[in-house]
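Enquirer: Starting from these lines, generate the structure:
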Amino acid sequence: MGEHNSILTDAEADKFDSEADEMNREIVRKPEVYEEANEVINEEAEIETLTNEVETSKRWQENFGKRQVVTKLCSLWATEAKALKLAFTMPMTSIICQELQESLNKEHDLLVQVSLYKFTY
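Expert: Prediction:
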């Protein structure tokens, strides 16, 4: 069996270089080919950019949901603290009783909103 030599001879290398040079000259002579190639490259870059933006948007939405729940929990705790303060206020006037009722209603709404979120951590 004969050995296969994978190294180009000088003549083959020169031929390869001249063919590559000819191809480059052809592109220069035909600007539409160059423009077409640039358009394809730009479209690929735009697609990659859009894909990255979509992925970033999805991550942001996921994180936004988590941040929103944390914000609602903080509001819930503040509302609970206010309700407890009003519940133990002496004397209990009709104004305080009305504020307590509003605070308890707000707390109820926040509890419903927070309970809709799936805690999967």
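Enquirer: could you point out which element follows the strand or helix carrying Lys82?
Expert: Take DSSP states H and E as the rule and Lys82 turns out to sit in helix 31-87. Per DSSP H and E, the first helix or strand lying C-terminal to helix 31-87 is helix 94-115.
Enquirer: In contact with Gln68, which residues?
Expert: By C-beta atoms under 8 Å, 6 or more residues apart in numbering, the contact set of Gln68 is empty. Every C-beta, even on glycine, is put in place using the N, C-alpha and C of the backbone.
Enquirer: What does the pLDDT read for it?
Expert: Gln68 carries a pLDDT score of 77 in this model.
Enquirer: Next, give phi and psi for Thr89.
Expert: Dihedral pair for Thr89: phi -80, psi 130, per degrees, to the nearest 10.
Enquirer: What score does it have for pLDDT?
Expert: For Thr89, the model assigns a pLDDT of 87.
Enquirer: ok, it touching Ile96?
Expert: Yes. Assessed by C-beta atoms under 8 Å, Thr89 is found in contact with Ile96 at 5.3 Å.
Enquirer: Provide a list of residues in contact with Lys72.
Expert: Taking C-beta under 8 Å, 6+ apart, we find Lys72 in contact with 110, 113-114.
Enquirer: Now it: closest residue in space that isn't a chain neighbour?
Expert: Val114 (5.1 Å; C-beta to C-beta, 6 or more residues apart in numbering).
Enquirer: ok, how many other residues are close to the one you found?
Expert: Neighbour count of Val114, defined by other C-beta atoms under 10 Å: 16.
Enquirer: Hmm, Val69 and it touching each other?
Expert: Yes. Contact status for Val114 versus Val69: in contact at 6.2 Å, counting by C-beta under 8 Å.
Enquirer: Next, count neighbours for Leu110.
Expert: The burial count for Leu110: 19, using other C-beta under 10 Å.
Enquirer: close enough to count as contact, it and Leu76?
Expert: Yes. Between Leu110 and Leu76 a contact is recorded at 4.3 Å, counting by C-beta under 8 Å.
Enquirer: before we move on, the earlier item: give me the pLDDT for the residue nearest to Lys72.
Expert: If you check Val114, the pLDDT there is 80.
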